[in-house]
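A.B. asks: next input, structure requested:
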Amino acid sequence: MRFRLDSWWFGVPLLIRGPLINLPVVLATDFPPIQVVCIAMILTTMMVMQMLAWPWKVPMLNATDCILSFCIVLLVTCSALYLNKIDETMYGFATAVSTAMLSGIAVAIGIMIVMTASALFYRSAMGGKKELKFFNLGSTPTSEGLAKKVQEMVKELETMEVADVSQKLNGLATFDIKKVTTCITLLATEVAPPAEHGYSFKFNKRIASASFDPMLKRKPQSLRSSKGETELAPKKDIEIKDIQQETETNNVVVEQQETQKDEVLNSSWM
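C.D. replies: Numbers count the residues shown, from 1 in each chain. Next up, the predicted model:
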């Protein structure tokens, strides 16, 4: 999947962007200013959605997509300057802006070509665990270190009361609350799937990676079930040992009976 699991819906507006751009040309054939305004509105809306969703797995691809959309919007806007007769000063300004935007588009396309070529030789360039710093726009922490930090944070949260946690969360801003809910949804979906009523841990719409590979699906486990299994484990071991002892004693008894039968038969023949 090319998109992030929490931005799976971005493929729909991406598919309808092309037909929407062609629609003003058909509806307003004899009105170029209306065409320019409508196309600029469509491209601007898509650019805003892309900047808010940040849908692609590779961060560098999101940055180049934003640059590409920005340059196309300005290029369409500058094309409106050529609709009427303009003097040399305005013509030079429009030409300079158009050249700059075309250069930005060429640079963005060149970066995308490099990313595509590198993905053929380096699989991590497609959103893997060990991505290149250039594509990831920075370095990422190791899984071991991150796991230790998460466990330490869980231990600290367990020592706090619910009222204290609620008071701390009440002082957070809206964007911070959204980050907390996104983190809980991610942990509940990918890291530690909860037991029954697991949907209550999902605040945002997100597709689990296990939905693409049935082998990755795990049965949800709760703390209560894990405790029950740990308590029943020694009992099961004791029962198994008792059964083994019973089978051993039964085998000994059977062997003794067979030896006695053999002795009786031998004595009768004698």
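A.B. asks: what about the strands in the stretch 1-150 of the chain?
C.D. replies: In the stretch 1-150 of the chain, no segments count as strands under DSSP state E, counting those that start in this stretch.
A.B. asks: just for it, where's the confidence low?
C.D. replies: The model of the stretch 1-150 of the chain has pLDDT under 70 over residues 1-2, 83, 122-132.
A.B. asks: which stretches of it form helices?
C.D. replies: Along the stretch 1-150 of the chain, the stretches classed as helices by DSSP state H, counting those that start in this stretch are 11-27, 32-53, 59-79, 88-121, 133-136, 143-159.
A.B. asks: okay if I get the ones you listed as TSV plus distance to Ile184 and mean neighbour count?
C.D. replies: (Each C-beta comes from the backbone N, C-alpha and C, glycine too.) Formatted as TSV, those follow (distance: least, Cβ to Cβ, whole Å; neighbours: other Cβ atoms under 10 Å):
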stretch	distance to Ile184	mean neighbour count
helix 11-27	26	13
helix 32-53	20	16
helix 59-79	23	18
helix 88-121	32	13
helix 133-136	24	16
helix 143-159	12	10
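A.B. asks: how about TSV for the ones you listed, with distance to Thr181 added?
C.D. replies: Formatted as TSV, the helices of the stretch 1-150 of the chain follow (distance: least, Cβ to Cβ, whole Å):
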stretch	distance to Thr181
helix 11-27	24
helix 32-53	16
helix 59-79	22
helix 88-121	32
helix 133-136	24
helix 143-159	15
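A.B. asks: what about stretch 25-35, how long is it end to end?
C.D. replies: This stretch, stretch 25-35, spans 6 Å end to end (Cα to Cα, to the nearest Å).
A.B. asks: for Val191, which of the helices of the stretch 1-150 of the chain is the nearest?
C.D. replies: Among these, the nearest to Val191 by Cβ to Cβ is helix 143-159 (7.9 Å).
A.B. asks: helices or strands up against that closest one?
C.D. replies: Contact partners of helix 143-159 among helices and strands, from 3 or more Cβ pairs under 8 Å, 6 or more residues apart in numbering; DSSP states H and E: none.
A.B. asks: and the angle for the next helix or strand along the chain from that helix with helix 143-159?
C.D. replies: Downstream of helix 143-159, the next assigned helix or strand under DSSP states H and E is helix 162-170. Orientation of helix 162-170 against helix 143-159 (axes from the mean of the first three to the mean of the last three Cα atoms, to 10 degrees) gives an angle of 120 degrees.
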